[in-house]
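Asker: Sequence plus predicted model, see below.
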Amino acid sequence: MMFDVDPFLLARAQFAANISFHILFPAITMGLAWILLFFRIRYIQTGDRNWEHAYHFWVKVFALSFAIGVVSGITMSFQFGTNWPGFMERAGNIAGPLLGYEVLTAFFLEATFLGVMLFGKNRVSNRVHLLSCALVAVGTSLSAFWILSLNSWMQTPAGYILEDGVFQVDSWLAIIFNPSFPYRLAHMMLATMLTAAFLVMGISAWRMKRNVDGPATAMVFRAMVVLAMIAAPLQVFVGDLHGLNTLKHQPAKIAAIEGVWETHSGVAFTLFGLPDEATRSTRFALEIPYAASLVLTHELHGEVQGLNEFEGEHPPVAPVFWSFRIMVAVGLLMILVAWWAGWELFRRKQYPSARLLRAASWMTFSGWVAVLAGWYVTEIGRQPWIVHGLLTTEEVVADHSAGVMLSTFTGYMTLYILVLIAYITTLRHMASKPAASLMARNAARDVQEPLTARG
């Protein structure tokens, strides 16, 4: 009875566990790489050693996050062969090259210059070190470019020809820049900037609360507040554009997000409720009349397709419905905290209040919650398709027994939980060190810097 679980569901759960764990770390490093570049530029511009101390602290967090992200990413690629061989058999002519481009243009760039970024400070000039930081930041974004291009193609396929059930390339330009790609890339890049900004802001607030901070901590906190004040509202705008694109190309996903069961006009937006697929209704719904039609069609009485239009070909409603609302709720909290901090720092020109520091520290990993929720909307919302409208997920799964899938799933989950606990514990340990000792250590290292390394 222990192994009576459907192997297909276990395979999906295992992939979900892998991608959920993996995405946590690129969500930090893609944004943090650009933040570190900003620290280096500010140091070179102003000569203020506080920016240098901030860089030294946060580059260690970047290195730790990058290492875990790389290792978990390798595990992700293995799963295409172990659990989903049918996908590469059918779509490998498109997926294989896109993954290869990611390695050639992004991973090699990151791997080459990461060493200079981490260990070259006392061995190369400031200009070369700055260039290395810039190339690593570009590399992380290029990685997102190729991975999201492939994912977007799976959501909105274009530029292909089907021959005997196998996808062949008709136009690489159409494949790479498929209909949903620009919106997904912009949405994800803003998400990574917000994830990194709130991580840096939250840990800085935590240090300020415990009086282990220094001048660099306050400067970094202010800079991240500005970044969050700009990026969080911008994310709402980009998210709306992304939603309109999804309505055009994946209306079943939008119907699940909104919990719309029957096609009709003047659709209300459901703030909260319990979607019930058995009764095809949303119980205990708290609604805003006409709001869904207004947002989706920009008309008060606009028509929105319901799930009845996609019988047997729509995603499970409850996880998509709730994931979207969690993502939106966290996004609104980000705007609230960012603008609260901006009001205190720039309007009232005061040191952050204890309440603000507490709120900011609680928001440290809010980006993770929003990214995971958004990713679940994207991936669960595509079901039952792996290539939307053309290839189902069930068609490409490996023929493994439930016992095999359950054992590997349990192993992955145990390892990931332990690594995640270790990661957060390490961050806490690093943040607990007094700023004075960190600054003294950095100063001592800089004294030993060769004269030829100064640019």
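Answerer: Cool, got the structure. Numbering: from 1, shown residues only.

Asker: how near is W339 to S204?
Answerer: Separation of W339 from S204 (Cβ to Cβ, to the nearest Å) stands at 18 Å. Placement of C-beta: from N, CA and C, glycine included.

Asker: More neighbours: these two, which one.
Answerer: Using other Cβ atoms under 10 Å, the more surrounded residue of W339 and S204 is S204, with 30 against 16.

Asker: Surely that one is in contact with R222?
Answerer: No: using Cβ atoms under 8 Å as the test, S204 is too far from R222 to be in contact (9.2 Å).

Asker: which residues are common contacts for the two?
Answerer: Contact with both S204 and R222 is made by no residue, according to Cβ atoms under 8 Å, 6 or more residues apart in numbering.

Asker: Just give the number of residues close to R42.
Answerer: R42 is flanked by 18 other residues according to other Cβ under 10 Å.

Asker: and K253, how many neighbours does it have?
Answerer: Using other Cβ under 10 Å, K253 has 25 neighbouring residues.

Asker: which residues touch it?
Answerer: K253 is in contact with T246, P315, V320, V377, G381, R382, counting by Cβ under 8 Å, 6+ apart.

Asker: pLDDT check: weakest of the residues you listed?
Answerer: Least confident entry in the contacts of K253, by pLDDT: P315, with 86.

Asker: before we move on, the earlier item: by neighbour count, which of the contacts of K253 wins?
Answerer: Going by other Cβ under 10 Å, V320 tops the contacts of K253 with 28 neighbours.

Asker: quick one: which helix or strand includes it?
Answerer: Element membership of V320 [criterion: DSSP states H and E] is helix 317-342.

Asker: The helix or strand that that helix is followed by versus helix 317-342: what angle between them?
Answerer: Following helix 317-342 in sequence order, the next helix or strand is helix 354-362 (DSSP H and E). If you take axes from the mean of the first three to the mean of the last three Cα atoms, to 10 degrees, helix 354-362 sits at 140 degrees to helix 317-342.

Asker: starting at the chain centroid, how far to helix 354-362?
Answerer: When C-alpha coordinates are averaged (Cα atoms, centre = their mean, to the nearest Å), helix 354-362 and its chain have centres 23 Å apart.

Asker: how near is P26 to F66?
Answerer: From P26 across to F66, the span is 9 Å (Cβ to Cβ).

Asker: cool, A27 as well?
Answerer: 12 Å.

Asker: Settle it for me: which of those two has more neighbours?
Answerer: The neighbour comparison of A27 against F66 (other Cβ under 10 Å) goes to A27, with 27 against 24.

Asker: Could I get the full set of strands for the protein?
Answerer: Applying DSSP state E to the chain gives strands spanning 160-163, 166-169, 264-265, 269-276, 281-288, 303-304, 385-387, 391-392.

Asker: wait, which of the ones you listed is closest to R12?
Answerer: Evaluated with Cβ to Cβ, these place strand 385-387 nearest to R12, the distance being 10.3 Å.

Asker: So in that sheet, which strands flank the closest one, and in what orientation?
Answerer: strand 391-392 (antiparallel) (DSSP bridges).

Asker: about what we covered before: could you list the buried residues of the helix holding V320?
Answerer: Residues of helix 317-342 classed as buried: 317-328, 330-331, 333-335, 337-342 (neighbour count, 16 or more other Cβ atoms under 10 Å).

Asker: elements contacting that helix?
Answerer: Here helix 317-342 touches helix 181-209, helix 215-249, helix 251-258, strand 269-276, helix 354-362, helix 366-380, going by 3 or more Cβ pairs under 8 Å, 6 or more residues apart in numbering; DSSP states H and E.

Asker: The longest helix seen in the chain vs helix 215-249, what angle?
Answerer: When the chain is parsed with DSSP state H, its longest helix is helix 7-46. Orientation of helix 7-46 against helix 215-249 (the same axes, to 10 degrees) gives an angle of 130 degrees.

Asker: Just list what helix 7-46 packs against, helices and strands only.
Answerer: Applying 3+ Cβ pairs under 8 Å, 6+ apart, one finds that helix 7-46 contacts helix 49-82, helix 126-155, helix 181-209, helix 215-249, helix 366-380, helix 402-432.

Asker: buried set for the longest one?
Answerer: Right, the one you point to is helix 215-249. Of the residues in helix 215-249, those with enough neighbours to count as buried (16+ other Cβ under 10 Å) are 216-225, 227-229, 231-232, 235, 238-239, 242-243, 245-247, 249.

Asker: Looking at the strands of the chain, which is nearest to G81?
Answerer: G81 lies closest to strand 385-387 among those, at 15.0 Å (Cβ to Cβ).

Asker: Just the CA atoms of stretch 188-197, as PDB, please.
Answerer: Output of stretch 188-197 as PDB, limited to C-alpha atoms (Å, rounded to 0.1, in the frame of the first residue of the first chain):
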ATOM      1  CA  MET A 188      11.600  37.500 -13.800                       C
ATOM      2  CA  MET A 189      14.500  40.000 -13.800                       C
ATOM      3  CA  LEU A 190      12.400  42.400 -11.700                       C
ATOM      4  CA  ALA A 191      11.600  39.500  -9.400                       C
ATOM      5  CA  THR A 192      15.300  38.800  -8.900                       C
ATOM      6  CA  MET A 193      16.100  42.400  -8.200                       C
ATOM      7  CA  LEU A 194      13.300  42.500  -5.600                       C
ATOM      8  CA  THR A 195      14.400  39.200  -4.100                       C
ATOM      9  CA  ALA A 196      18.000  40.400  -3.700                       C
ATOM     10  CA  ALA A 197      16.900  43.900  -2.600                       C
END
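
Asker: Would you agree A158 is in contact with S180?
Answerer: No: assessed by Cβ under 8 Å, A158 is found out of contact with S180, at 9.5 Å.

Asker: neighbour count winner among these two?
Answerer: Per other Cβ under 10 Å, whichever of A158 and S180 has more neighbours is S180, with 24 against 18.

Asker: if I pick that one, what's in contact with it?
Answerer: S152, Q155, T156, H242, N245, T246, H249.

Asker: May I see these organised as TSV, with distance to D399 added?
Answerer: Listed next are the contacts of S180 as TSV, based on distance: Cβ to Cβ, whole Å:
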residue	distance to D399
S152	29
Q155	26
T156	30
H242	36
N245	36
T246	33
H249	32
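
Asker: Now G259: phi and psi?
Answerer: phi 70, psi 40 (degrees, to the nearest 10).

Asker: wait, it sits on F321?
Answerer: Yes: applying Cβ under 8 Å, one finds G259 in contact with F321, separated by 5.1 Å.

Asker: Find the residue ranges of the protein scoring beneath the pLDDT cut-off.
Answerer: 1-4, 435-455 (pLDDT under 70).

Asker: try 50 this time
Answerer: The chain contains residues with pLDDT under 50 at 1-2, 444, 447-455.
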